[in-house]
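Chemist: Below are the sequence and a predicted model for it; my questions follow.
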Amino acid sequence: IQIQFLFFIIIIKTMHKHRHRHSSCDGVVGDEDLLTEILLRLPVKDLLRCKCVCQKWKSLISEPQFGYLHTLALCRKHNNPYLYPSGIIMRPFSLSLQKVNMIPFSNNTNNRFNHRLDVHNKLFDRHGELGYYFLRSCNGLFLWKSNPLKKVRASRRRELVQQCSSFYVSNPTTGHCVRIDRFGHDGSNNASCWIPYLAFEPWKSPHYKIIFFNKVAGERKDHPLTSKIPVSVYSSETGSWSKHDVLPPSPNNDIDIHYDEPYCNGAIYWNSVYFDIDELCFKNLPTFPLTAGQHYFVGGWGRNLHSITVKNYEDDWKFDIWELKEDYSGWILRFHVDLTTLQKDIQAYTFHRVLGVVCQPPNEDEEEESVLVMIFVDFKRIVSYNLKNRRSRIIHQGDGRFAPIFRGLYIETLISI
């Protein structure tokens, strides 16, 4: 089987090299079902190259159903219900939010890339008057908004503000982007009072949702239990918005709605509550053990929510990693972590925070997956620490002038948007 697979790769590369000589691929693979089965076994990057072989292959790989089947095939390959992330997403700390960087876990620097939405949006902005600003990511998709650029004259800016009533969802793997009109909220209609969240789990469904919370209503401290929070939901499956009035958490569980709450497993998490996207309601999280210490959540990937707890902030290179049970009945202590040796090895001075807890597929000679802790130190370096073999590696080295902002984990997916 491996020899046949290698032979197939050779055919692909040969045809890509001499593709001008071939008007059809029928002589190579004429059976579309067989071709589909073979293509489903290729990695994402190889599939993107295969689209250049001929029009037939490009059409097949570009079909929405194929993208979803390929995602499920990748999950089966690793005997895993989720896709493994391949890197982290960082946004430069600057006034311009138009660019995000993908930093891979591997040593292959060719996997690094920058993603700018304006490259893909000539159809939406023919005159180049809008800037596209990154909001958040979720399991392979990016969410953006637009505002007039500073170079646009004042009278034209006022006109464009009225038109900036759209979100943009992009897939950086495929380069595709779609525009989604807001549901009646424009740039002059208290748009800053509404905070959007992106929900996407490609191993469950090829469709995504945008959840729009009213920030002011969610943060009111004096609201009675009968006062509801306006929430609007966009579904890519139906292509439409729906409006809902949701009961807030109890008075003791007020939520602070901003852009940093983690999302995973169909829910958005705050300190003591979470919002169930399917049922459109707030629910209480189980309480932490009193001896756990102060904690903060790290999430944004398919598995259960993780929490980092620190008992002594004067010695914050020692911490515990807790995991939320699948049935939300409590917390499980997964790891005791002591990074004091790592601190000396990398000559770090300031420990900032843990960015995420990430699982990676096992190597060929291993049976168990690796667990990586991504750590941001000295406001300029990102360090990957393997809890299994206790090895570390600096995957990003900044200049220290501007600290990048963590914006989630990057997952490659061919899902059509």
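Modeler: Received it, and whenever you're ready, just let me know what you need. Residues are numbered from 1 along each chain as shown.
Chemist: Any regions of the stretch 51-200 of the chain where pLDDT drops low?
Modeler: Within the stretch 51-200 of the chain, the ranges that satisfy pLDDT under 70 run 93-98, 107-128, 161-165, 183-193.
Chemist: any chance you could map the strands in it?
Modeler: Counting by DSSP state E, counting those that start in this stretch, the stretch 51-200 of the chain has strands at residues 87-91, 99-104, 113-116, 130-138, 141-148, 166-171, 176-181, 194-200.
Chemist: what about the nearest residue to Arg303 once chain neighbours are set aside, how many residues close to it?
Modeler: Closest residue in space to Arg303, ignoring its immediate chain neighbours: Tyr82 at 6.3 Å, by Cβ to Cβ, 6 or more residues apart in numbering. (C-beta placed from N, C-alpha, C; glycine too.) A count of nearby residues for Tyr82, using other Cβ atoms under 10 Å, gives 20.
Chemist: And Tyr82, how far from Val298?
Modeler: 16 Å (Cβ to Cβ, to the nearest Å).
Chemist: Within its sheet, name the partner strands of whichever strand or helix holds Trp241 and how each one runs.
Modeler: If you go by DSSP states H and E, Trp241 is part of strand 240-246. Using DSSP bridges, the strands paired with strand 240-246 are strand 229-235 (antiparallel).
Chemist: which residues touch the partner strand?
Modeler: Strand 229-235 is contacted by residues 167, 180, 183, 194, 207, 209-214, 217-218, 240-248, 277, 280 when judged by Cβ atoms under 8 Å, 6 or more residues apart in numbering.
Chemist: Would you mind checking the residues you listed for buried ones?
Modeler: Neighbour-count burial (16 or more other Cβ atoms under 10 Å) applied to the contacts of strand 229-235 gives 167, 180, 183, 194, 207, 209-214, 217-218, 241, 246, 248, 277.
Chemist: so where's the stretch 301-417 of the chain uncertain?
Modeler: For the stretch 301-417 of the chain, the stretches with pLDDT under 70 are 301-302, 351, 399-403.
Chemist: And the helices in it?
Modeler: Using DSSP state H, counting those that start in this stretch, the helices of the stretch 301-417 of the chain run over 340-345.
Chemist: what ranges do the strands span in it?
Modeler: Using DSSP E, counting those that start in this stretch, strands in the stretch 301-417 of the chain cover 306-310, 318-324, 331-338, 351-360, 370-377, 381-386, 392-397, 405-410.
Chemist: and Trp203, how many neighbours does it have?
Modeler: Neighbours of Trp203 (other Cβ under 10 Å): 19.
Chemist: quick one: pLDDT of it?
Modeler: If you check Trp203, the pLDDT there is 91.
Chemist: now swap in the one 4 residues further on and tell me
Modeler: We note a pLDDT of 95 for His207 in this prediction.
Chemist: Name the nearest residue to it, sequence neighbours excluded.
Modeler: That would be Glu237: by Cβ to Cβ, 6+ apart, it lies 4.1 Å from His207.
Chemist: so the residue nearest to Arg303 touches Asn265, yeah?
Modeler: No: contact between Tyr82 and Asn265 fails when scored by Cβ atoms under 8 Å: they sit 9.7 Å apart.
Chemist: re earlier: which residues does the strand holding Trp241 contact?
Modeler: The contact list for strand 240-246 (Cβ under 8 Å, 6+ apart) reads 182-183, 228-235, 280-282.
Chemist: of these, closest to Ala199?
Modeler: Of all those, Ala199 sits closest to Val233, with 9.0 Å by Cβ to Cβ.
Chemist: and that closest one, how far is that from Leu280?
Modeler: 7 Å.
Chemist: cool, and Val377?
Modeler: Taking Cβ to Cβ, one finds Val377 at 39 Å from Leu280.
Chemist: quick one, what contacts the spatially most central residue of the chain?
Modeler: Geometric centre of the chain, nearest residue: Cys138, 2.9 Å, by Cα atoms, centre = their mean. The contact partners of Cys138, taken as Cβ under 8 Å, 6+ apart, are Leu198, Ala199, Phe200, Tyr208, Tyr263, Gly300, Gly408.
Chemist: could you redo the last one with a cut-off of 7 Å?
Modeler: Leu198, Ala199, Phe200, Tyr263, Gly408 (Cβ atoms under 7 Å, 6 or more residues apart in numbering).
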